[in-house]
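Colleague: Sequence and predicted structure, then a few things I'm wondering about:
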Amino acid sequence: MNIRKSLTYCWILVLMVFMFTFPDRLLLAQGVPAESTVPNELRLASITALAPGVNSEDARLALEIIMRQTIVRETYPFRMKLDFISDYNAADTIVASGRYHFVTLTSLDYLSLIQSINLTPLMILSKQAQPTEVLYLVAQRGNPLEKIKKQTERILMIDHGRTGGLSRLWMDTVLWNSGYQSCDLFFTQIKAAKKTSQLLLSVFFGQADACIISASAYTVMAELNPQIGTRLEILDRSPQLVLLLLCATDLAEQEMRSALLTEAVSSDTDPAVRQALLMVQMERIIPFRQDYFSATEALVRHHQQLAAIKAKGDS
């Protein structure tokens with residue numbers, strides 16, 4: 001299964017968090033004596049496709065703005081090294097290289113990688129005030145799956161960014177539970193949209209038969225355009241899912257992890273943090289709890305069970 005679908009510019013949040021978290025290790029370049037201590041290096045890896053509509057240059061600019069607004073810290077500097085992972089097929093090797101203290105991952109990436117790499121989830125990067133989100137399967141009103149199945153061309157739209165991998169997996173379970181084949185076989189085309197608005201609008205204007213969109217995005221668009229609620233229909237709703245995680249590797253010291261979690265608790269009241277969250281289309285940084293993640297793990301297990309049953313039946 002190819003689960004390399006989504007990940008993003010949420011590294012901004014992490015970089016910013018560390019600017020506030022390590023006052024004894026951070027210092028703007030100006031004013032640092034040439035003879036000062038060689039700076040420690042914190043290495044972070046992040047897959048690039050995290051926030052639809054936010055490119056890497058805008059993300060870097062946002063980080064520069066945040067740094068200018070940050071009070072100059074004392075003692076020796078802390079140097080951040082950021083690497084983007086643009087090749088999804090190489091993500092396993094890059095994360096497993098042992099070079100990085102922290103990585104940003106989708107839930108599916110994390111569940112796949114922990115089979116071979118020791119990763120500890122520390123924070124949930126959320127687009128809303130709560131840690132989990134529901135996905136909606138949306139089609140034009142009066143056009144259920146059984147009707148879509150009869151069409152020659154059947155197009156599904158999914159998010160290019162953070163929800164893409166979970167969307168495919170959840171769509172498989174919806175179809176299998178209804179007696180159909182997997183989404184790759186049910187739909188003749190599956191297209192990824194780089195902007196969330198394209199998901200609903202493609203269905204709204206008849207360019208696609210169905211889309212999978214987060215509940216929060218659907219609500220915002222339905223409020224802006226009331227016709228969405230009358231012309232479109234929610235065919236199914238996913239469980240409460242965790243979409244994005246920030247994980248520590250074995251390289252990250254306990255002091256780093258603890259400070260990061262402490263900062264995450266108060267980040268939603270810090271104006272600079274709030275600004276950075278807004279710029280990368282996020283609302284909160286939430287400390288990880290296993291109970292938040294239970295429905296996501298259950299969905300993955302259910303998908304594996306159904307896939308095994310389907311494979312056995314087809315053999």
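Modeller: Alright, I've got the coordinates.
Colleague: Show me what the helix or strand encompassing residue 308 packs onto, helices and strands only.
Modeller: Residue 308 belongs to helix 290-314 when assigned by DSSP states H and E. With contacts defined as 3 or more Cβ pairs under 8 Å, 6 or more residues apart in numbering; DSSP states H and E, helix 290-314 has these neighbours: helix 107-113, helix 164-177. Yep, even glycine has a C-beta here, placed from its N, CA and C like the rest.
Colleague: hey, least reliable of those by pLDDT?
Modeller: Mean pLDDT per stretch puts helix 107-113 lowest among the helices and strands packed on helix 290-314, at a mean of 87.
Colleague: one step back: what residues of the helix holding residue 308 count as buried?
Modeller: Judged by neighbour count using 16 or more other Cβ atoms under 10 Å, the buried positions of helix 290-314 are 292, 293, 295, 296, 299, 300, 302, 303, 306, 307.
Colleague: cool, and stretch 241-256?
Modeller: Within stretch 241-256, the residues scored as buried using 16+ other Cβ under 10 Å are 241, 242, 243, 244, 245, 246, 247, 248, 249, 252, 256.
Colleague: any idea of the pLDDT on residue 47?
Modeller: Looking at residue 47, its pLDDT stands at 65.
Colleague: ok, then the element right after the helix or strand that residue 216 is a member of?
Modeller: Element membership of residue 216 [criterion: DSSP H and E] is helix 215-224. Proceeding N to C from helix 215-224, the next assigned helix or strand is helix 227-231, under DSSP H and E.
Colleague: So which elements touch that following helix?
Modeller: Short answer (3+ Cβ pairs under 8 Å, 6+ apart): helix 227-231 packs on helix 196-204, helix 215-224.
Colleague: send the alpha carbons of the first one over as CSV?
Modeller: Written as CSV, here are the backbone C-alpha positions of helix 196-204 (Å, rounded to 0.1, in the frame of the first residue of the first chain):
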residue,chain,number,x,y,z
THR,A,196,-9.1,22.1,-0.2
SER,A,197,-11.7,24.2,-1.9
GLN,A,198,-11.2,22.3,-5.1
LEU,A,199,-12.5,19.1,-3.5
LEU,A,200,-16.1,20.4,-2.9
LEU,A,201,-16.2,22.6,-6.0
SER,A,202,-15.3,19.7,-8.3
VAL,A,203,-18.3,17.8,-7.0
PHE,A,204,-20.5,20.9,-6.9
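Colleague: Give me the contacts around it.
Modeller: Helix 196-204 is contacted by residues 52-53, 138-140, 155, 157-159, 191, 193, 207-214, 217-218, 221, 227-228, 231-232 when judged by Cβ atoms under 8 Å, 6 or more residues apart in numbering.
Colleague: before we move on, back to that, would you mind getting the angle between the helix holding residue 216 and helix 196-204?
Modeller: 70 degrees (axes from the mean of the first three to the mean of the last three Cα atoms, to 10 degrees).
Colleague: still on that earlier bit, let me have the helices and strands packed on helix 227-231 in CSV, extended by mean neighbour count.
Modeller: Formatted as CSV, the helices and strands packed on helix 227-231 follow (neighbours: other Cβ atoms under 10 Å):
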stretch, mean neighbour count
helix 196-204, 22
helix 215-224, 16
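Colleague: And these: which comes nearest residue 90?
Modeller: Proximity to residue 90 (Cβ to Cβ) singles out helix 196-204 among the helices and strands packed on helix 227-231, at 26.8 Å.
Colleague: which residues are contacting the helix holding residue 308?
Modeller: Outside helix 290-314, the residues that touch it by Cβ under 8 Å, 6+ apart are 107-108, 111, 121, 124, 131-132, 166, 169-170, 172-173, 176-177, 182, 238-242, 286.
Colleague: Out of the buried residues of stretch 241-256, which sit inside strands?
Modeller: Members of these lying in strands (criterion: DSSP state E): 244, 245, 246, 247, 248.
Colleague: thinking again about what came up before, which one of the helices and strands packed on helix 290-314 lies closest to residue 261?
Modeller: The nearest among the helices and strands packed on helix 290-314, by Cβ to Cβ, is helix 107-113 at 17.1 Å.
Colleague: ok, then the element right after the closest one?
Modeller: strand 120-126.
Colleague: strands paired with that following strand, and their directions?
Modeller: Here strand 120-126 is paired, per DSSP bridges, with strand 244-248 (antiparallel), strand 284-287 (antiparallel).
Colleague: Any buried residues in the last one, and which?
Modeller: So the one you mean is strand 284-287. 284, 285, 286.
Colleague: I'd like the average pLDDT over the helix holding residue 308.
Modeller: 92.
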